[in-house]
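In: the sequence isn't on hand, but the structure is:
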């Protein structure tokens, strides 16, 4: 029992970190995903207003007839298409993806990919987000440093002593 409590605590901590990072670095509404063992849900939330704009899940009455099993990738793909269609109808084209502590793998990844294919701009996976002074949407930032610049940064951080031992 303690093992499952530890796993759940780790997921809650991950969810807290991921959600706060999305809220902090993005001006877009948030596409939040929750998956259970039997179902998957998605909702688009406007954090500034504190309201849910659009939602979809495998337990919705309109989708229950189309989806026989809510715990597989085909159901997640259908939910991704539905949430994207509802968002585009509501005038939402860009969202920030909040995986809510779940790994970007399996049903969560399928949902995100199907929402992208349906026309929702989630952003590229793995891009760094930087806020502008103007308050506009975050932009991709490339950081390429030479070896000398990296070494100078380590020296200023006090980590050069361990590198000198390795270089000898």
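Out: Great, that's in hand. Computed from a predicted structure; not experimentally measured.
In: so, low pLDDT: which residues of the chain?
Out: Confidence mapping of the chain against pLDDT under 70 gives the ranges 124-145, 147, 150, 155-168.
In: what about the helices in it?
Out: With DSSP state H, the ranges of helices along the chain come out as 2-25, 61-64, 73-89, 107-117, 147-157, 160-167.
In: closest to residue 101 out of those?
Out: In terms of Cβ to Cβ, the element of the helices of the chain nearest to residue 101 is helix 2-25, at 3.0 Å. Every C-beta, even on glycine, is put in place using the N, C-alpha and C of the backbone.
In: buried residues in that closest one?
Out: 15, 18-19, 22 (16 or more other Cβ atoms under 10 Å).
In: packing partners of that helix?
Out: The contact analysis (3 or more Cβ pairs under 8 Å, 6 or more residues apart in numbering; DSSP states H and E) places helix 2-25 against strand 30-35, strand 96-98.
In: wait, which of these is closest to residue 79?
Out: Comparing those under Cβ to Cβ, the one sitting nearest is strand 30-35, at 8.8 Å.
In: what angle do the closest one and helix 73-89 make?
Out: 160 degrees (axes from the mean of the first three to the mean of the last three Cα atoms, to 10 degrees).
In: in strand 30-35, what counts as buried?
Out: Of the residues in strand 30-35, 30-35 count as buried by neighbour count, 16+ other Cβ under 10 Å.
In: okay, those residues in CSV with distance to residue 76 next?
Out: Formatted as CSV, those follow (distance: Cβ to Cβ, whole Å):
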residue, distance to residue 76
30, 18
31, 13
32, 14
33, 9
34, 12
35, 8
